[in-house]
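>>> Can you look at this prediction? I've put the sequence above it.
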Amino acid sequence: MTDELVNREYPTRPLVGVGVVTIRDGKILLVKRAFEPGAGKWSIPGGIVEVGEKLAEAGIRETEEETGITVQILEMINAFDVIDVDDDGKVKYHYVLVDFLARPTDGIEKPSPEVTDMRWVAYEEAKGMDLTETTRKALSELFGGALT
């Protein structure tokens, strides 16, 4: 299924997505989102699970598609709901997200058109960046404590 076929805004049902916290030499792989939700913000790589795809497979695929980096999934970090409501009280976005911890195994860094930039950053640097709420949540879960 291509993204063009998925109605992300005002969906008729929740969408299942994955996010991947990839760590290399103590640094976290972050991408800057080109599109909503989260356009212009820093995020962990991730996206929508395709029909017939396992969660970890989706995480591996999305990370490689967005960054050119191949990863090995190590463990699940968390699962949570993201429900954004517009000013009229209608659900604009509804995701069930599963985040994973991974390590890079191969690949050459090559940002996709879905991202405008990518960086490996230390946790302390990430805390001060303009992160999506979902990335902030994943990093807080992994490293303990709320990011401010």
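Alright, I've got the coordinates.
>>> In contact with L29, which residues?
21-23, 44-45, 63, 67, 69, 104, 118-120 (CB atoms under 8 Å, 6 or more residues apart in numbering). Just so you know, the C-beta spots here come from the backbone N, C-alpha and C atoms, and that holds for glycine as well.
>>> Count the neighbours of the residue nearest to E75 when sequence neighbours are not counted for me.
Excluding the flanking residues, the one nearest E75 by CB to CB, 6 or more residues apart in numbering is L101, at 5.2 Å. For L101, the neighbour count with other CB atoms under 10 Å is 18.
>>> got the buried residues for the helix or strand bottoming out on mean pLDDT in the chain?
Across the helices and strands of the chain, mean confidence by mean pLDDT, DSSP states H and E is lowest for helix 133-143: a mean of 90. For helix 133-143, the neighbour count (16 or more other CB atoms under 10 Å) marks 134-140, 142 as buried.
>>> is it true that R61 touches E53?
Yes - using CB atoms under 8 Å, R61 is in contact with E53, at 7.3 Å.
>>> Next, count neighbours for P111.
P111 has 15 nearby residues by other CB under 10 Å.
>>> Could you tell me how far it is located from K32?
With distances taken as CB to CB, to the nearest Å, P111 is found 9 Å from K32.
>>> Any chance you could list residues touching both of those two?
Counting by CB under 8 Å, 6+ apart, the residues touching both P111 and K32 are 117-118.
>>> what about the residue of the chain most remote from its centre, distance to Y10?
What lies farthest from the middle of the chain is D88; by CA atoms, centre = their mean that is 27.2 Å. Relative to Y10, D88 is positioned 11 Å away (CB to CB).
>>> W120 too?
According to CB to CB, W120 and Y10 sit 35 Å apart.
>>> tell me the phi and psi of the closest residue to M129 other than its chain neighbours?
In space, and not counting its chain neighbours, M129 is closest to W42: 4.8 Å by CB to CB, 6+ apart. Here is the backbone geometry of W42 (degrees, to the nearest 10): phi -80, psi 140.
>>> who touches R33 in this structure?
Counted by CB under 8 Å, 6+ apart, R33 has contacts 39-43, 114-116, 132.
>>> can you do 6 Å?
Applying CB atoms under 6 Å, 6 or more residues apart in numbering to R33 gives the contacts 39, 41, 43.
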